[in-house]
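>>> Sharing a model that was predicted from the sequence below.
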Amino acid sequence: MHIDDLWRSGDKLKITRELLLKDIEQHTETGGKIFVGCDSNMIGEMCTFAHAICLYNESARAGGRYYCKTSKVKMKMMTPPQVRIMQEAQNAIEIALELAEIFPSENIEVHLDVNTRKGYLSQTLADQLSGYVKASGFSCKLKPDSWAAAGIADSHTR
């Protein structure tokens, strides 16, 4: 299960599952939107994955808070970066699916740390991974518009 008690608020305070879900519920009741992202960073054989749930109400220009959790996974140094990028997408989709079960009427947007510009390794996965997100029932944003992954989650990978 991904929505557990391992999450922290943007100011690094631990939050229970109950309080996290209550905050999301109150946020969506006022028209706020849910954004989910994941990013990772390799240091030696350890990969840190950072998962983010971001809350923002675009029309009211309100909300602007997030929750993050990290996990460390041992990966072989020879593991291709594409495998890690695909795992980031899988993690974000799993969190979005769990949130969609709890909040079925909400439009959840998944952000991927995938570049759309030619010449970047992740660009070769852009169509495949955005298609995976959309096939899972969510809207998808890639760089430079994927701030939940490329900004928020990324800042928690180090």
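Cool, the structure landed. Quantities reported herein were computed from a predicted structural model and do not represent experimental measurements.

>>> which phi and psi does residue 79 have?
Reported as degrees, to the nearest 10, the phi and psi values for residue 79 are phi -60, psi 130.

>>> before we move on, what about residue 64?
Taking degrees, to the nearest 10, you get phi 60, psi 40 for the backbone angles of residue 64.

>>> ok but residue 47 is inside a strand, no?
Yes - when DSSP: H, G, I helix; E, B strand; the rest coil is applied, residue 47 is found to be in a strand.

>>> I'd guessed it sits against residue 70; true?
No - at 10.6 Å, residue 47 does not count as touching residue 70 under the criterion of Cβ atoms under 8 Å. For the C-beta atoms, the positions are set from N, CA and C on the backbone; glycine is no exception.

>>> For the two, indicate the residue with more neighbours.
More crowded of residue 47 and residue 70, by other Cβ atoms under 10 Å: residue 47, with 20 against 17.

>>> ok, that one - contacts?
40, 41, 72, 73, 74, 75, 84 (Cβ atoms under 8 Å, 6 or more residues apart in numbering).

>>> again, only this time at 10 Å
40-41, 71-75, 79, 83-84, 87-88, 157 (Cβ atoms under 10 Å, 6 or more residues apart in numbering).

>>> Please apply the same query to residue 118.
The contact partners of residue 118, taken as Cβ under 10 Å, 6+ apart, are residue 124.

>>> Which of the helices or strands spans residue 28?
When secondary structure is defined by DSSP states H and E, residue 28 falls within helix 17-29.

>>> The residue nearest to the spatial centre of the chain: what's it in contact with?
Centre of the chain computed as the mean C-alpha position; nearest residue by Cα atoms, centre = their mean is residue 37, 1.5 Å away. The contact partners of residue 37, taken as Cβ under 10 Å, 6+ apart, are 50-54, 66, 68, 88-89, 91-92, 95-96, 109-113, 141, 146-154.

>>> can you check residue 109 too?
So, once contact is read as Cβ under 10 Å, 6+ apart, residue 109 ends up touching 33-37, 54, 56, 96, 133, 138-141, 145-146, 148.
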